[in-house]
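> fold the following.
(2 chains)
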Amino acid sequence: MFISITTTGTDAQPATDLGYMLHKHPEKVQQFSTAYGEATVFYPEVGNQRCTAALLLEVDPIGLVRRSRGRAPTSRAGSTGAAALAQYVNDRTYAASSLLAVALRTVFRSAMKGVCVQRPGLAEQPRPLTVLLPAVAAQGEPSRADEPSLVERLFAPLGWQVEAVPIPLDESFPEWGTSRYLRLELTGTLRLADALQHLYVLLPVLDGAKHYWVAPDEVDKLLAAGAGWLAEHPERALIVRRYLQRRWSLANEALRRLELVRLAEAEEREPEELDDAMPPQGDATDETGTGADTDADTGTAAHADGADTAGDAGDATAGERPLPLAGQRRAAILDLLRADGAARVLDLGCGQGELIGELLKVRQFTEILGVDVSAGALAVAARRLRLHRLPERQAARVRLLQGALTYTNARLRGYDAAVLCEVIEHLDEDRLPALEYAVFGAAHPATVLVTMPNAEYNVLWESLPAGRLRHGDHRFEWDRAAFRAWAERVAAQYGYRVSFQPVGPDDPEVGPPSQLAAFRQAELTAATQPGTTHTTHPAAQPGTTHTTHPADSPSRAAEGSDR
Amino acid sequence: MTESTDPTSTDPGTGAEPTASAPAAPRRLPVTDLALVVLVGTSGAGKSSFARRHFAATQVISSDFCRGLVSDDENDQSASADAFDVLHYIVGKRLAAGRLTVVDATNVQPGARKQLVALAREHDVLPIAIVLDVPPGVCVERNRARPERDFGPQVVQRQHRELRRSLNGLEREGFRRVHHLRGEAEVAAAEIVVERRWNDLRERTGPFDIVGDVHGCRAELETLLDKLGYRLVRDEQGRPVDAVPPAGRTAVFVGDLVDRGPDTPGVLRLVMGMVAGGHALCVPGNHENKLGRALSGRQVTVSHGLRESLDQLAAESPEFVAEVRSFIRDLVSHYVLDEGRLVVCHAGLPEKYHGRTSGRVRSHALYGDTTGETDEYGLPVRYPWAEEYRGKPLVVYGHTPVLVPSFLNNTICLDTGAVFGGSLTALRYPERELVSVPAEREWYAPVRPLVSDAPGARDGRPLDLADVIGRRAVETALHGRIAVREENAAAALEVMSRFALDPRLLAYLPPTMAPSPTSQREGYLEHPEEAFGSYLAAGVRQVVCEEKHMGSRAVLLVARDVAALERRFGVAGPGAIWTRTGRAFLDDQELTAAVLDRIRTAAESAGLFDELATGWLLLDAELLPWSLKAVELLRRQYAAVGAAAGAVLPEVLDALRLATERGMGGLAELTERQRRRAADATAFTVAYRRYCWPTEGLTGIRLAPFQLLAAEGANLAARPHDRHLEWLDRLVAADAAAHPAEPLLRTTGRLLVDTADEASTAAATAWWEKLTAAGGEGMVVKPLASVVRGAAREGRPGRLVQPGLKVRGREYLRIIYGPDYTEHLGVLRGRALGHKQSLALREYALGMEALDRLANGEPLWRVHEPVFAVLALESEPVDPRL
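Predicted coordinates for the structure are as follows:
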């Protein structure tokens, strides 16, 4: 990777002062060993009018891979981030990134401190400077053209004039668009020390992935390099968060399973595409300890807002808070479970355990089994619920279990109720019959509560482009009629009665944002019929009494094989 | 029924007063080597010293010791309850582990003994009582010498009364042997004789020929024994009375020799002769059991099958019938053979029953684990014990007729319904080869039709989580048991359940393939000579080199028509195309259908459906261009690297040029290095660009099929590669004929090579060089015969040879190892291939297993099991660049 710094001058104040300021003689080629490879400083241009110093960092890609060995790739930055360190096909050797920041600090340490032994006055003088980075990695550029670019937001407030030209990915394939690299030219009249400190802090911020393990002293480094300018910077929050982001991600790293990352690799995909139950990097939920709600709908709004999953959800959605719909949904579920007198409850697709947290607060629920297919989500749930710190009696009420709802599972049998809260739409529609059998047929709890988005309501969702689903992983969304038809068919097939209720404001035209179906085993409903709205009887068989029992349906062998 | 009851040693309650210390002849007390020995005697009777004298210290658990453990005081009677808890716990653990255990406590109260008998029963071992009946006076005297036993003589008196009262009832309490030692002298003179269990034939290491249910099919048995190389011995009437095995071998019969078939006496005569002659072992089946009871005059319901036997035996001499009766009576429920590696029984046996001796074990061995229900044919429903079997020993059994025997969790059922017109099957052990002969006719109408099935899942059933999750071992015909670790299964579950296609369609996932051993040749990391060399070293001369197409791996299930797919897979549709992790290859269903339609049409006109008598085909292929599926990866990684390099390196060279021109010295080497890097970066971009081109609908898409994996009833992947290529050439030709302007299908270039012939390998190397120079990815070298094993050793089959080795081109490898990889060859040559090679073999064997099971019409969960395991193994940590 490469950077050049040019200054202009006059005979009175010659540009060659740059040599003194950098502590590097303009007529000598100087080499330095840095942590990531050899750095060479040389001067392509030396004159009183114009002087350019160049730093070439030759990163050893093999060494880079070795260094990162055994470390989990970061979750967010994907192959352009730390994950890329594990790959030999690696932009780190070319594009300016945090590695270059480290090299700048190593090679120009004195200059960065503003120390100039031979000509002490020089360091204090602002000089006209041009910094050229032919390829700089810049993550998180805005998707909309009318927004200022991230480099603009970072450097302009510091007195730089920013010229950033996106580099096309491949001129043979214009349809691939531009790369995440910019040719960046910064011009301004600044003290050289300030310029170097800006680069030292902001290159990693632009890069979005710090390449090395964040040490405890990283905050000190940031404060030192940011002294005098960071506190006043309008984007300081973003700078601090992104500079230190790996600190927050460390805890998440521990939860990430390499097995899944490898399967993503086999599929030539990003790990987070498979493991989207993991909290996004930089999510400080666990640090704050307040159990801040990162429920599905918050995420939904972020997706809907056009912010790429890889982007800063926090940045993009600031100012627009979604409805606390998830809370309403959980309240509705809790009410129904209470009314049914359920004690042993399955939370199928429990995710990070939001509903379980609510269930734990109600003593009626004596046994709560949370099931999710994502082992990562379960680990987060265990942490958020603080299972290891709960009093014994409380902890004994909860268990978390990895499981997939397209497989029957003997451990799910015999429960009073099962909740499928915003779950079925994450399954391909053609796989639903397997879930139906596993839940309604094989597990066969007395009550089943199913919620899902009402697709009709999406038109009222301002930030959601027409035709888009509410979440990247939603395989389908149904309108009220489709949901009702499905629920009634399932109820008839497995011996349940079903009733429906809205969740959230029930718009006269498009209905509520979320819809809920409450299934109750047909033989039980006669006794306890709670006063919910829209009660529907199994439509397929008026008059007949619920002849569908799981024992008659698909397979008795499955019954026999339950253990 | 116990197998080890020895009535002669049972002598409780003769009523005789123990005589004072008259010199006694040595009493030999037989004790089975796995038993719970309960010492019964008053305090001071000498139990502890008796135990010390006859058993190892660790075999004896004393209540005093346990009291000490829980209370620091061996005589603290207040700690007795806890002490006995501990005692029972330790005894339970020892019995579960199959260890002879002696309980040293007074055990004079029935309550105390009852718990111990229950413990023995729980672990299916024999409870044995040894009563140390020593006069109270002697005991009191002994206790007096031990100051810590400060209880009065009345305690011993009471204990003695309790002991006397107990004597008569010990057998009734459940003790299978009671040794009553009267007086000090008998106690002192007693000798313990440890007897082996009758089912323990560990020292018999075989090799064995294990024969499935014969059911009176004498002719078939003769044919089978002949096929196995046995020499039949006949009596003067020409009836077979023995069969002499080939050197060193022994036949083992899994029972059900009798009933239903045409010649039960003939079968018995032959097998009884073989057993008597030491040429065979035999375990009883439920049919022997019932016949034995009938012959002993017990009340039995004479069913149809038994009626035949009784009628046939009625024509035999009374002596013969008596022999049959005693033969059956002496049969041992099951045998543990070959150092514990093999268990043979009639109806299957969970591991915890292996080598155990109890009524429960016997009934399990004879009848299997029934649920108590009956199926629609009135036959008992069996618990699928084999599905849960995780034991080390191979369990070979019969009892449940199956169409095709198959290994399941290290168990195999050999009953192939000979009497129902199926076949009579034997398993060669340890070779694990199946040998069978067809039935001459249907001798007896089956109650329910013989269906292809694996044990325990006759009707098939929905997939259950227990089939895939947790630590598992999948049996494969090619590579034995393949272990799947829990964390890998967990990752596979996420991918399988969230992203993969319906498992009913997903009958196969492609295995990974190892690269050729690393080349030391200048400038190369991989080169054909290492691939040829390693096949030659493995004894493989005929190999085929196949052009490697650079796209994305795709497996295609092509239906001849919608109904054909539904009939076979339960899902109607044109078929499916999936990736290496089981995802739908294309998001666009119409495009998927269009691709499938083209292949279907080509297969139809090439006559493949008819020739293979199938309604569907399963193909392994590469779908091109690479950019079709991997466009995101290309954008984020490959093109990005190229773009960054392209932006920065010209600037670097420019700056270096300016500095040099200005007279700065010492930059020559650096400049040269940067020039090379720039050239490498350009080469890198050129390399990936070759595999990218735009597509629009079908236009631009190419499919290069390289293997026809399966068709109805056939695992075609086991056929030689030239056969595959011939089929596929016809497919490609048919497509080209129908669509000359833009054919979808691409031919796979190939070359047959003799690895021992230098001219041949040189020609192939030249071919590879030409291929890769033109931008090709490289080639795959495969043994022409597909499945090849190394030389067999010690009767065990040889190791599987790698089914293919990839030899990738020099330029292509830039995409894998990075633009500058040619600068770092020295370091890269240190790559370790062992894990990748092992993974390739395991995944290949699993893939073949899935295809075998599919071909055999096994139920879905059986096919899904190895497919899932391939996915799980893909998450093992192995260098992804290999």
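
> quick one: the closest residue to B:Q542 other than its chain neighbours and chain A, what's the gap?
In space, and not counting its chain neighbours, B:Q542 is closest to B:L784: 4.1 Å by CB to CB, 6 or more residues apart in numbering or on different chains. Heads up, the C-betas are built off the backbone N, CA and C, glycines and all. Distance of B:L784 to chain A, given as CB to the nearest CB, to the nearest Å: 28 Å.

> how many neighbouring residues does B:L784 have?
17 (other CB atoms under 10 Å in any protein chain shown).

> right, and it touches B:Y535 too?
No - contact between B:L784 and B:Y535 fails when scored by CB atoms under 8 Å: they sit 10.1 Å apart.

> who touches both of those two?
Residues touching both B:L784 and B:Y535 by CB atoms under 8 Å, 6 or more residues apart in numbering or on different chains: B:V543.

> what about the strands in the stretch 251-400 of chain B?
Assigned by DSSP state E, counting those that start in this stretch, the stretch 251-400 of chain B shows strands spanning B:280-282, B:334-337, B:342-345, B:370-374, B:380-382, B:394-397.

> among the ones you listed, which is nearest A:I368?
Closest to A:I368 of the strands of the stretch 251-400 of chain B is strand B:370-374 (CB to CB; 31.0 Å).

> who does the strand or helix carrying B:V37 pair up with?
Secondary structure assignment for B:V37, by DSSP states H and E: strand B:35-40. Strand pairing for strand B:35-40, using DSSP bridges, gives strand B:101-104 (parallel), strand B:126-133 (parallel).

> what's the model's confidence in the first one, averaged?
Taken as a whole, strand B:101-104 carries a mean pLDDT of 97.

> give me the pLDDT for residue 291.
Using chain A. For A:G291, pLDDT reads 31.

> could you do chain B instead?
93.

> how many neighbouring residues does it have?
Number of residues near B:L291 (other CB under 10 Å) recorded here: 26.

> ditto for A:A35
Neighbour tally, A:A35, other CB under 10 Å: 12.

> so how far is A:A225 from the closest residue in space to it that isn't next to it in sequence?
The shortest distance from A:A35 to any non-neighbouring residue, by CB to CB, 6+ apart, is to A:V102 (6.2 Å). Applying CB to CB, to the nearest Å, the value for A:V102 to A:A225 is 12 Å.

> and what of B:M779?
On the measure of CB to CB, B:M779 and A:A225 end up 53 Å apart.

> more neighbours: which of the two?
Neighbour count, other CB under 10 Å: between B:M779 and A:A225, B:M779 has more, with 29 against 23.

> list the buried residues in stretch B:751-770.
Along stretch B:751-770, these residues count as buried under the neighbour rule (16 or more other CB atoms under 10 Å in any protein chain shown): B:L751, B:V753, B:D754, B:T755, B:S760, B:T761, B:A764, B:T765, B:W767, B:W768.

> ok, back up a step: wait, the residue nearest to A:A35 touches A:Y36, no?
Yes - at 6.8 Å, A:V102 and A:Y36 qualify as touching, with contact defined as CB under 8 Å.

> which one of those two has more residues nearby?
A:Y36 (25 against 21).

> so the more buried one sits right up against A:T93, yeah?
No - with contacts counted by CB under 8 Å, A:Y36 stays clear of A:T93, the gap being 9.5 Å.

> poorly predicted segments of the stretch 751-882 of chain B, please.
The model of the stretch 751-882 of chain B has pLDDT under 70 over residues B:795.

> actually chain A, sorry about that
Looking at chain A by pLDDT under 70, you get A:61-88, A:139-147, A:208-217, A:245-257, A:272, A:275-323, A:524-563.

> so what are the domain limits for it?
For chain A, the domain assignment from automatic domain parsing gives the residue ranges A:2-248, A:253-317, A:325-561.

> quick check, B:F50 in a strand?
No - checked against DSSP: H, G, I helix; E, B strand; the rest coil, B:F50 lies outside a strand; its state is helix.

> report the contact partners of it.
B:F50 is in contact with B:L39, B:I130, B:L132, B:V187, B:A190, counting by CB under 8 Å, 6+ apart.

> excluding sequence neighbours, find me the nearest residue to the first one.
It stands for B:L39. B:K47 is the one closest to B:L39 (CB to CB, 6+ apart), at 4.5 Å.

> please report phi then psi for that neighbour.
When read as degrees, to the nearest 10, the backbone of B:K47 gives phi -60, psi -50.

> run a quick neighbour tally on it.
27.

> ok, it touching B:V131?
No - B:K47 is beyond contact range of B:V131, at 10.2 Å (criterion: CB under 8 Å).

> so who does B:D338 touch?
With CB under 8 Å, 6+ apart, B:D338 has these contacts: B:R202, B:R204, B:T205, B:G206, B:F208, B:Y429, B:P430.

> at 10 Å instead, please
When contacts are counted by CB atoms under 10 Å, 6 or more residues apart in numbering or on different chains, B:D338 is found next to B:201-208, B:344, B:393-394, B:429-430.

> now list the buried members of these.
Applying 16+ other CB under 10 Å to these flags B:L201, B:R202, B:R204, B:T205, B:G206, B:P207, B:F208, B:V344, B:P393, B:L394, B:Y429, B:P430 as buried.

> so, low pLDDT: which residues of chain B?
B:1-25, B:371-377, B:381, B:448-461, B:795.

> repeat that for 50
Across chain B, the ranges flagged by pLDDT under 50 are B:1-21, B:452-460.

> so which bits of stretch B:37-57 are buried?
Buried residues in stretch B:37-57 (16+ other CB under 10 Å): B:37-47, B:50-51, B:54-55.

> show me which of the buried residues of stretch B:751-770 neighbour chain A.
Subset of these in contact with chain A: empty, counting by CB under 10 Å from any CB of the partner chain.

> and the furthest pair within those?
Taking CB to CB, the two most distant members of the buried residues of stretch B:751-770 are B:D754 and B:W768; they sit 15.8 Å apart.

> what's the local residue count around whatever residue of the stretch 401-550 of chain A ends up closest to chain B?
Of all residues in the stretch 401-550 of chain A, A:A404 sits closest to chain B, at 3.4 Å by CB to the nearest CB. Close neighbours of A:A404, defined as other CB under 10 Å, add up to 25.

> for the one 4 residues further on, same thing?
As a burial measure, the neighbour count of A:T408 was computed by other CB under 10 Å and equals 27.
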